[in-house]
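*Asks:* Below: sequence and its predicted model.
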Amino acid sequence: MKAASRFAMRHERKSIWLFCAIAALRVFTFSAAFPFFNNVDEQAHFDLVMKYARGDVPTNLGHYSFESANFIALYGTPEYFMTPQQFATNDFPPPNWTLPAEQRQQAVNTNSAWWLSNQNHESGEPPLYYIIAGLWLNLGRLFGVTGAWLSYWVRFLNVFVAGTLVWIGFVAAKLVFPDRQFIHFSVPILLAVWPQATFYSIQSDSLSPLCFGIAFVGLIEFLRAEPPTVRLAIWTGLALAATCLVKTTNIALLFVVGLVLIFKIQKLTEKTALRPLLVPLAGLIISVAVPIAVWFAWNYHTFGDLTATGSKIEFLGWTRKPVGNWWPHPIFTLNGVKEFWPELMASFWRGEFIWHGKRLVSQASDAFYWISSTLAIGVAVVSLFPRLTKLSAFQRESLWLAFSSFAVLVLFVACLSIAFDFGLCVYPSPEHPFFTSGRLLSGAAVPFFLLYSQALDWLLSGIPRVWPRIILFGGIVLLIIVSQSIVNLPAFSSRYNFFHLNQPL
């Protein structure tokens, strides 16, 4: 039996490695297909990567650097924001890097001057992604990578992030459901085909799922261990701190630490054994608090506020509303919910890219994404009630933790939507005052797909045979793969992308 178990485990792990490779290949392919610079502020994020690579840490919004402005002017495409019909030839002009030297320099000078005159509104964002990406950029330069290849080199960092995320999803599924093979495979498979466009771009959101995925595994281990070790507490705390140092909105995820502590203290109180928890608890809190406190202190010293968001809010023309003015907001109406929730969930799955001035979406796929997500969350929560399923106390606590991780980000995004008057801003706007950027929820990807898989497993458990369950799940995966391939297909023909580069390294 032990030999058979070891064989099954090796087979399972080989399959997960394959899913990791599929995720890496998918991210590489679509990252290469999309040219620079996309509509999700990729210019701003690229500029910060270039600055951090030189050790130039922003102390205010600052202007785009000369090097970044030249890159944007030379390798940028108009295909995200414009249509071919807006040009005299009814087609996009050739990339600037393909022009004769004199004409190329004139075009670069004109375009870069515009960027040099603008401030980078993302300068106050937490530093961790930009430090890592800056080091990765310097490694590329060390290997002799230059020009547009260097831009793609930075993007391709997400290839490793996506592959590792799949493995983290498998680890989480294995910890919570050691005897449920369907969930062992479904969580990593869904992460492997997850079509979130954040991974095809240079931007800090791409690290959120991985950082919190690691923290989520640590929190689950913290719940399970009797008692948790100091080492576990410290690396879990550092992973949580890293999550916050990637994206400011991820600070909301610290709420789940409190939930874990409530579960743990309640369990130990029943056994009258709180003392063994005190040192690990202190280690967890200190390892979370110290890095974030250092970041807060730096922000206050340089930007004048703890999260360095004041300058960005002022730049965008937003104003904070008094709490008493929050309630007359469309999100509290049926029509408002119908506008907010479906777009938020669809965006969580497929991202926010625009192509030729239109959102890259499929209405059918969007409907599947938000409806299936809503049903899965509802079913997963219902399945947590003891009379309906045979889950252990640990599994229920883990799934409540997963649900809370996702729900707290949704609530945070909703609060952001109602807390500001957006002035003349295009997104969000006074006409559509909603944050529907699903990438802001991406930190909770591993918990979400654990819930999604639990819901599928519970619903499909009524089917006695294995093959129909595999076929149904395979149909969902095929739908996701085909949909994202069709939606992203136009980018492959772009003359500005990786596949059309014709310059030496």
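*Replies:* Perfect, thanks for sending it. Numbering: from 1, shown residues only.
*Asks:* Give me the neighbour count for Trp149.
*Replies:* 16 (other Cβ atoms under 10 Å). Quick note: C-beta positions are derived from backbone N, CA and C, even for glycine.
*Asks:* could you measure it against Gln105, distance?
*Replies:* As for Trp149, its distance to Gln105 is 20 Å (criterion: Cβ to Cβ, to the nearest Å).
*Asks:* before we move on, what about Leu459?
*Replies:* Leu459 is 61 Å from Gln105, by Cβ to Cβ.
*Asks:* so Pro291 touches Leu238, yeah?
*Replies:* Yes: using Cβ atoms under 8 Å as the test, Pro291 is close enough to Leu238 to be in contact (7.2 Å).
*Asks:* neighbours around the nearest residue to His356 once chain neighbours are set aside, how many?
*Replies:* Leaving out its chain neighbours, the residue that sits closest to His356 by Cβ to Cβ, 6 or more residues apart in numbering is Thr83, at 4.9 Å. Counted with other Cβ under 10 Å, the neighbours of Thr83 add up to 14.
*Asks:* What does Thr83 show for phi and psi?
*Replies:* Phi and psi for Thr83, reported as degrees, to the nearest 10, are phi -110, psi 160.
*Asks:* follow-up on the earlier one: for Leu459 and Gln105, indicate the residue with more neighbours.
*Replies:* The residue with more neighbours, out of Leu459 and Gln105, is Leu459; 16 against 13, by other Cβ under 10 Å.
*Asks:* Next, work out how far apart the closest residue to the more buried one other than its chain neighbours and Ala455 are.
*Replies:* Computed as Cβ to Cβ, 6+ apart, the closest residue to Leu459 that is not its neighbour in sequence is Val379, at 6.3 Å. Noted for Val379: a distance of 4 Å to Ala455, by Cβ to Cβ.
*Asks:* Please say which of those two ends up with more neighbours.
*Replies:* Ala455 (21 against 16).
*Asks:* list the contacts for the more buried one?
*Replies:* Shown here is Ala455, whose contacts under the criterion Cβ atoms under 8 Å, 6 or more residues apart in numbering are Leu375, Ala376, Ile377, Gly378, Val379, Ala380, Ser383.
*Asks:* The last one contacts Thr389, doesn't it?
*Replies:* Yes: distance between Ser383 and Thr389: 4.8 Å, which falls inside the contact criterion (Cβ under 8 Å).
*Asks:* Can you pull the residues that touch both of the two?
*Replies:* Counting by Cβ under 8 Å, 6+ apart, the shared contacts of Ser383 and Thr389 are Trp458.
*Asks:* of the two, who's got more company?
*Replies:* The neighbour comparison of Ser383 against Thr389 (other Cβ under 10 Å) goes to Ser383, with 19 against 15.
*Asks:* which ones are touching the closest residue to Tyr300 other than its chain neighbours?
*Replies:* Nearest-residue entry for Tyr300: Leu306, 5.6 Å, with adjacent residues in sequence omitted and distances by Cβ to Cβ, 6+ apart. With contact set as Cβ under 8 Å, 6+ apart, Leu306 has these partners: Phe296, Asn299, Tyr300.
*Asks:* same check, this time on Leu254
*Replies:* Counting by Cβ under 8 Å, 6+ apart, Leu254 touches Leu240, Cys244, Val288.
*Asks:* Ser151 is in what secondary structure piece?
*Replies:* Ser151 is part of helix 147-155 when elements are defined by DSSP states H and E.
*Asks:* actually Asn138, sorry about that
*Replies:* helix 128-142.
*Asks:* How far away from the center of its chain is that helix?
*Replies:* Centroid separation between helix 128-142 and its chain, computed with Cα atoms, centre = their mean, to the nearest Å, is 19 Å.
*Asks:* in it, what counts as buried?
*Replies:* When neighbours are counted by 16 or more other Cβ atoms under 10 Å, the buried residues of helix 128-142 are found to be Leu128, Tyr129, Tyr130, Ile131, Ile132, Ala133, Gly134, Trp136, Leu137, Gly140.
*Asks:* Closest one of those to Val260?
*Replies:* Comparing the buried residues of helix 128-142 against Val260 with Cβ to Cβ picks out Leu128 as the nearest, at 22.4 Å.
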